[in-house]
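[1] no letters, just coordinates:
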């Protein structure tokens, strides 16, 4: 038996899986929660308060994932380390950090540790919105609009260059002290191998790189800010490695951390959503993969590079060789329900859930399932964490309408689920209108396993059947598949990701088929959603943005006493 | 010492106070919670489910208030019943019921008890909206628009005739069996005295009666529905008694219930908000009284009968002799915060409140008080129970905007408080624009005593100082004042309500003055509120109404299996 290890770095934890290469069977998995989690209030161990919209992480937590999870899966599966032929990793993106030339994160260095800009900026750090806005305006006015077109017309503040530019603007000393600005995805591969590489997925989807044109020219960066002119040569690398290739062999140090053999093949890094596509059996067009966790990433393969407004990006070879990979996303899904259960559910519900030994999510879903679509009278806009697709605007915020004095928590919970389903339907319809066919959905991530009502609502709202892949740890299995491809056929692995997908990925028998009676009610509710979506999201009433400006002003005043 | 007893019938309980007539001192108070409270899900003791927007009460609960509270205040104050010269009552309105000619409520009769239409329709029973809509349309088209003008252009579904008409439409057998349709206010006076009277306050503000024109003509009712043509003569009385006069003396039965003397003067009934005005020291124009409880009633005296859009009514002599009394209102205030604390506050907050032995409201207010205006980024429309003024539309529902994943319960709580304050400011500004001056606010009711943050927010949002009357049980004291006037000067009481107010009512020294820095931020937020108010409330986007229609349809389907 030949095996591969995949490690999936999520928002709150990292997760390893060890997989039988012959059939994709998951032999063991292990999870490690990041000790410092998402840092969004105070810098760890200090009274240094972060401003609104900041979200940092500690790179040490990523190393701890290797140290804890790989030994755990080896032990649990009893696989001999010599039978592990490849390792792959996937990461949230853009999650990035400034480092020295040897890879040392600036935040590990005492002289920089108290500066929040020296830490990892997590994907959901949204404080670089001014830079994103400026970048979009300058790109459009200075003759680089065609670059934006590949990204739905707008670069998100979640991406690489707005975050780099925010560091330069707010902490030029950190920018200057950094020899590298790097995706955490590439940084952890560097830590495993001792070799600095850059992968085509984050470069293409998050750093405006394309296979044919490379990064934007220096003139583009100069137009943004003269100090950024040489950012690619000074802080990055121009050589971008395709997915599935070997970044290097496991270093001695990393072998000690993990218990794996020195020299084991390590694949170049990948992004969690993209690596999930072949792991979800999808290697052709028409089948959209939804990775449903804290957020949803929507991934679909096309036949041609279509320009779709509000998508996150189209990257040739970004997911599979010789196909344009399209990405769209919703930035607040599982996070949304988590926020709700932590912030808005009364004690009596929490007691009932405890007494019945079910989760609060299960209790709410059970209560919400007794209702028909529309019965609550509620409608929400799912923008608690901004809108990624199709508006690409993190300054949008949540809205809910229709409450009465008889409104119950489970009704609000259901309305939030429905709102995220409307968001997905709008994304699906936008792709369909722009020549990217979508006939079915394949759902992975944490939500499909636990939330049957949610899955049925998505099927009813979109009118599409939803299938579920068999693997439980999809991104990690996808990473393991890439590890098997990095190891290569000669070592017992595979020559291509398509071949690996055919051998290692399957669908479950159970699926969610749309209920057409519910669908017709949801058609009405979706029409209302679209009206409010456009009213609040397309400039008719920019109240959300004005409230956000006031919020920052007043919050600053309060922090300054 | 001469005393009077006032009884205030609220939404959830009745409250009696015994007052020293010389100075208004409250000698004792007692509260009795209605056993059946607000009946809005099932008819008591049955599986008969009420439709959405219904709210009933049990008249037996009102009698129990007399039986429990009056003996209690007599005992606690040690006042000799012979020293009690008058009794007054005030009630929510329109709270109405069908009875037989002897005053027996139909819902006390076995043959009618299982019919929800035989019970008391509470003020916040909103299911007569179709009838209110029809009444408004017909009044306007059939030449009776000038009647509507006295009521801000629209009759509310909360009022008398829409409720009567709903009974006729949905349960003609109940309508036909009823010899009387009567305000609960007048019904409880009937129960005390054995004499059926109708008071000018409910007649004027809730049943379209005016001092100069009487009730609308039979032709008006015929235009609504031929079956209603003679509703006034068949089901009501045309003789309307002015406020402060004696309805009758206490009956033998009522003397037994209460421990008071047979023949004690009982004043004609009054409405809780209106009776509060003189008890709050207000006997002149320019000073708006806000009765702040489950809802807010805004009462102000004017010099001339101005037509103010969206007010609830202007009634000459409706509050004080020879002055037009103006009323406006917000239908969801204390109820709003109660809904929030019961439905949306997490266990960890409830635990903290218990550990510190403070109420959940206190805890939320304490946490919310650390924030500046605008700092939460939230904005709400306070329409959880429809909008009484200035839109007069119960089909509007709640909205909240600006939520993020960091939004905290106390921020939502504060946003709901602020929303109700914006609603009050819009009412104040509408009066001011239409020649009814308002220079200061006098706040009474349950909220001012307990909610200092709320009071300061109202001062900051409106830019007006807020004063608080000394009496703690304002409506009940106002009722006692009316009892003292009903008894008359010869019996040791007063000749007029103005005189009673001067002797019996005082302001506290403490007041709330607007903070002008906060005021300027609230000016911005209020401008946003007005935009959303008009967008959702004035026909730009009737999504709230469409959602409500769908809610009814789907709820009916669900109830029918």
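    Perfect, I can see it now. Bear in mind that the values here come from a model prediction, so they are computed numbers and not experimental data. Numbers count the residues shown, from 1 in each chain, chains lettered A, B, ... in the order given.
[2] check contacts around residue A:170.
    Listed by Cβ atoms under 8 Å, 6 or more residues apart in numbering or on different chains, the contact set of residue A:170 reads residue A:117. For the C-beta atoms, the positions are set from N, CA and C on the backbone; glycine is no exception.
[3] quick one: it and residue A:99, what's the gap?
    Residue A:170 sits 18 Å away from residue A:99, going by Cβ to Cβ, to the nearest Å.
[4] pLDDT of stretch A:474-481, averaged?
    Stretch A:474-481 carries an average pLDDT of 95.
[5] contacts for that stretch, please.
    With Cβ under 8 Å, 6+ apart, stretch A:474-481 has contacts from A:4-8, A:15-19, A:24, A:26, A:29, A:86, A:88-90, A:267, A:270, A:272-273, A:275-280, A:291, A:444-445, A:471, A:494, A:497, A:500-501, A:504-505.
[6] are any of those buried, and which?
    Buried subset of those (neighbour count, 16 or more other Cβ atoms under 10 Å in any protein chain shown): A:4-8, A:15-19, A:24, A:26, A:29, A:86, A:88-90, A:267, A:270, A:272-273, A:275-280, A:291, A:444-445, A:471, A:494, A:497, A:500-501, A:504-505.
[7] the residue minimising distance to the centre of chain A and residue A:396, how far apart?
    Geometric centre of chain A, nearest residue: residue A:92, 4.7 Å, by Cα atoms, centre = their mean. Residue A:92 sits 21 Å away from residue A:396, going by Cβ to Cβ.
[8] burial of the residue nearest to residue A:364 when sequence neighbours are not counted, as a residue count?
    Nearest residue to residue A:364, sequence neighbours excluded (Cβ to Cβ, 6 or more residues apart in numbering or on different chains): residue A:413, at 4.4 Å. Other residues lying near residue A:413 total 28 when counted by other Cβ atoms under 10 Å in any protein chain shown.
[9] make sure residue A:413 is indeed in a helix.
    Yes: applying DSSP: H, G, I helix; E, B strand; the rest coil, one finds residue A:413 inside a helix.
[10] test my guess that it contacts residue A:366.
    No: applying Cβ atoms under 8 Å, one finds residue A:413 not in contact with residue A:366, separated by 10.7 Å.
[11] list residues touching both of these two?
    By Cβ under 8 Å, 6+ apart, no residue touches both residue A:413 and residue A:366.
[12] report the contact partners of the residue in the stretch 451-561 of chain A positioned nearest to chain B.
    At 3.6 Å from chain B, residue A:551 is the closest residue in the stretch 451-561 of chain A, using Cβ to the nearest Cβ. Taking Cβ under 8 Å, 6+ apart, we find residue A:551 in contact with A:52, B:374, B:375, B:376, B:377, B:402.
[13] quick one: distance of whichever strand or helix holds it to the chain centre.
    Per DSSP states H and E, residue A:551 falls inside helix A:543-559. Taking Cα atoms, centre = their mean, to the nearest Å, one finds the center of helix A:543-559 at 27 Å from the center of the full chain.
[14] give the buried residues for it.
    Quick answer for helix A:543-559 (16+ other Cβ under 10 Å): A:543, A:544, A:546, A:547, A:548, A:550, A:551, A:552, A:554, A:555.
[15] what helices or strands is the helix or strand encompassing residue A:329 leaning on?
    If you go by DSSP H and E, residue A:329 is part of strand A:324-330. Packing partners of strand A:324-330 (3 or more Cβ pairs under 8 Å, 6 or more residues apart in numbering or on different chains; DSSP states H and E): helix A:272-279, strand A:296-301, strand A:313-316, helix A:409-433.
[16] after the longest one, next one along is what?
    So the one you mean is helix A:409-433. Counting by DSSP H and E, the next helix or strand C-terminal to helix A:409-433 is strand A:438-444.
[17] helices and strands around the next helix or strand after that next one, which ones?
    Scanning forward in sequence from strand A:438-444 by DSSP H and E, the next helix or strand is helix A:446-450. For helix A:446-450, the elements it packs on are strand A:286-292, helix A:452-462, strand A:466-469, judged by 3+ Cβ pairs under 8 Å, 6+ apart.
[18] which residues touch residue A:473?
    Taking Cβ under 8 Å, 6+ apart, one finds A:6, A:8, A:15, A:17, A:26, A:29 in contact with residue A:473.
[19] dump these to CSV, plus distance to chain B and pLDDT.
    Putting the contacts of residue A:473 into CSV (distance: Cβ to the nearest Cβ, whole Å; pLDDT from 0 to 100) gives the following:
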residue, distance to chain B, pLDDT
A:6, 28, 98
A:8, 22, 96
A:15, 22, 97
A:17, 28, 98
A:26, 31, 96
A:29, 27, 97
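[20] from these, which land in strands?
    Using DSSP state E, the members of these that fall in strands are A:6, A:8, A:15, A:17, A:26, A:29.
[21] all strands for the stretch 251-400 of chain A, in order.
    Taking DSSP state E, counting those that start in this stretch to define them, one finds strands in the stretch 251-400 of chain A at A:265-267, A:270-271, A:286-292, A:296-301, A:313-316, A:324-330, A:379-381, A:398-403.
[22] worst mean pLDDT among these?
    Within those, confidence is poorest for strand A:313-316, with a mean of 90 (mean pLDDT).
[23] which helices and strands sit right next to it?
    Against strand A:313-316 (3+ Cβ pairs under 8 Å, 6+ apart) you get helix A:200-206, strand A:324-330.
[24] ok, residues contacting the first one?
    The contact list for helix A:200-206, computed with Cβ under 8 Å, 6+ apart, reads A:91, A:93-94, A:158-160, A:183, A:185-186, A:209-211, A:215, A:240-243, A:268-271, A:274, A:312-313, A:315-319, A:327.
[25] ok, back up a step: dump the strands of the stretch 251-400 of chain A to TSV, plus distance to residue B:232.
    TSV is the format used below for the strands of the stretch 251-400 of chain A (distance: least, Cβ to Cβ, whole Å):
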stretch	distance to residue B:232
strand A:265-267	87
strand A:270-271	75
strand A:286-292	63
strand A:296-301	62
strand A:313-316	72
strand A:324-330	59
strand A:379-381	43
strand A:398-403	38
